[in-house]
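Asker: The following block contains a protein sequence and its predicted model.
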Amino acid sequence: MNRTSIEWTTFSANPLKYRDGAGNVVWGCVHASPGCQHCYSEQLAKRYGRGGPFNVPTMNGLTPFLDDVELHKMRTAKQVGGVAVSGSRCFIGDMTDIFGEWVPDDLLNRLFSNVLEIRTDVTWQLLTKRADRMRQYLSWRYGEGRIPSRNIHVGVSIEDQPRYDQRIGHLLRTPAAVRFISYEPALGPLSSARRLVCLCSINKEARRIAARTTARADVSSACLPIFRSGRFQMPRDPEKAKARKKRYLDRKKVEKYGPDSIGRNMSGRHGNHARGQRNGRWNADGRMLNEDGYVKIRVGRDHPLSDPNGYAYEHLVVWCAAGNKRPGVDETLHHKNDDKTDNRLSNLELLTRPNHARIHAAERGRDDLGRFPPGEVRA
């Protein structure tokens, strides 16, 4: 979950990731229409060696999964980049399409049950080009009298009138508190619009097309104000992009460490050990609470459970010190009394992540699939 420059949202989050055949974590998607031709996500994936191209053969070699670290941050973060998360908007999946046909329903169930329907103080924005899959899934999830969560807004991307005609019917039949259109990129005329929130992204090339159409006039008269976004990615000079990134990183380094930091390796200076007693969560005996409420203790950088700053989670240290193996990627330690600071061995229990999620779902009165009871209104 990170701050974003997209005008119609505050944060973006990418809990859905992929593993390739070598086990590397990458980004992935599949082109759905002409609006995907210059996909910014695909350009970023290629630039940073994180996957691509976004086509069916590549996707067939990937395994989708939910990043538990990202899910936890989405569920618990209070501030990101100095901006309060509560009361904000967050765009889910700007590097993929979470309603792609390759995404199993089980992953969507976990995403909705463990984050989107739990964190009701954040407006979650879901955007897709697969409007039919979105309608099918949400009709099942909010069927049988279940009421859609008011903080989950769903939308479809359209780039011209044919794509509008193809997707608008599915959107209008999707159960949701708010439905919206992202007119992005504006590749052709849009001569009709329903009373929906419209998020219009117009880059330099598309602005020429939009100026010759009635799209802006029609949409403006029927919807909320249009926002312009720069997220439409056109091919650009990689050397200029690299220079811009270096200038940005240098500027942030100067802001944090001062003008003498340029050209110096400042690794390690941002960690907890560098702040010491100036950290509000620091304790004189080497214990501290992280932002998620878990206790971390100083163990030294040579410890097998240590992070780069020489700290480790106390409950992991206690568990492994008793001769138990470290939890695997699909396992987690559960605090039986729900007190994250009570790290006695008798209070710890090794569970698979699905079972751990079911325990907390049961505490909130959900069914085995994480859905709320029929007729229950969620804030």
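Answerer: That came through fine.
Asker: Residue 295 versus residue 341, what's the distance?
Answerer: Counting by Cβ to Cβ, to the nearest Å, the gap from residue 341 to residue 295 is 5 Å. Where C-beta positions appear, they are placed from N, C-alpha and C, glycine not excepted.
Asker: now do residue 241
Answerer: 42 Å.
Asker: for residue 51, same thing?
Answerer: With Cβ to Cβ as the criterion, residue 51 and residue 295 are 36 Å apart.
Asker: same thing with residue 127?
Answerer: For residue 127 relative to residue 295 (Cβ to Cβ), the value is 38 Å.
Asker: These two: which is more packed in?
Answerer: Taking other Cβ atoms under 10 Å, residue 127 and residue 295 do not tie; residue 127 has more neighbours (24 against 21).
Asker: ok, that one touching residue 90?
Answerer: No. At 11.6 Å, residue 127 and residue 90 do not qualify as touching, with contact defined as Cβ atoms under 8 Å.
Asker: tally of neighbours for the nearest residue to residue 177 once chain neighbours are set aside?
Answerer: Nearest non-adjacent residue to residue 177, counting by Cβ to Cβ, 6 or more residues apart in numbering: residue 150, 4.4 Å away. Residues lying near residue 150 (other Cβ under 10 Å) number 14.
Asker: where does residue 260 land on pLDDT?
Answerer: Listed pLDDT for residue 260 reads 67.
Asker: who touches both of residue 341 and residue 295?
Answerer: Any residue near both residue 341 and residue 295 by Cβ atoms under 8 Å, 6 or more residues apart in numbering counts here, and that gives residue 289.
Asker: Okay, now the unreliable bits of this structure?
Answerer: Across the chain, the ranges flagged by pLDDT under 70 are 191-237, 260-286, 363-379.
Asker: can I see the domain layout of it?
Answerer: Per automatic domain parsing, the domain ranges recorded for the chain read 2-222, 278-363.
Asker: how distant is the longest one from the center of its chain?
Answerer: Here the centre of domain 2-222 is set off from its chain's centre by 10 Å, with Cα atoms, centre = their mean, to the nearest Å.
Asker: Now do stretch 22-35: everything it contacts.
Answerer: Identification of contacts with stretch 22-35 by Cβ under 8 Å, 6+ apart yields 14, 17-20, 37, 39, 41-42, 44-45, 50-52, 54-56, 58-59, 62, 64, 95-97, 100, 102, 129-130, 157-160, 163, 184-185, 187.
Asker: now do stretch 320-328
Answerer: By Cβ under 8 Å, 6+ apart, stretch 320-328 touches 305, 316, 319, 333, 345, 350.
Asker: at 7 Å instead, please
Answerer: For stretch 320-328, the external contacting residues (Cβ atoms under 7 Å, 6 or more residues apart in numbering) are 305, 316, 333, 345, 350.
Asker: Among those, name the ones in helices.
Answerer: residue 316 (DSSP state H).
Asker: Would you mind giving the secondary structure of residue 137?
Answerer: Classification of residue 137 using DSSP: H, G, I helix; E, B strand; the rest coil returns helix.
Asker: Next, count neighbours for the nearest residue to it once chain neighbours are set aside.
Answerer: Spatial nearest neighbour of residue 137, excluding adjacent residues (Cβ to Cβ, 6+ apart): residue 108 at 5.9 Å. Number of residues near residue 108 (other Cβ under 10 Å) recorded here: 21.
Asker: how near is residue 108 to residue 148?
Answerer: Taking Cβ to Cβ, one finds residue 108 at 14 Å from residue 148.
Asker: do the same with residue 31
Answerer: From residue 31 to residue 148 the distance is 29 Å (Cβ to Cβ).
Asker: And those two? Which one has more around it.
Answerer: Taking other Cβ under 10 Å, residue 31 and residue 148 do not tie; residue 148 has more neighbours (19 against 15).
Asker: next one: phi and psi at that one?
Answerer: phi -60, psi 140 (degrees, to the nearest 10).
Asker: any idea which helix is longest in the chain?
Answerer: helix 238-257.
Asker: For residue 134, which non-adjacent residue is closest in space?
Answerer: residue 99 (4.5 Å).
Asker: try residue 176
Answerer: Residue 176's closest residue in space is residue 154 (Cβ to Cβ, 6+ apart), at 4.5 Å.
Asker: how far away is residue 172 from residue 179?
Answerer: With Cβ to Cβ as the criterion, residue 172 and residue 179 are 7 Å apart.
Asker: quick one on the thing from earlier: okay, the domains of the chain in TSV with distance to residue 249 next?
Answerer: Formatted as TSV, the domains of the chain follow (distance: least, Cβ to Cβ, whole Å):
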stretch	distance to residue 249
domain 2-222	14
domain 278-363	19
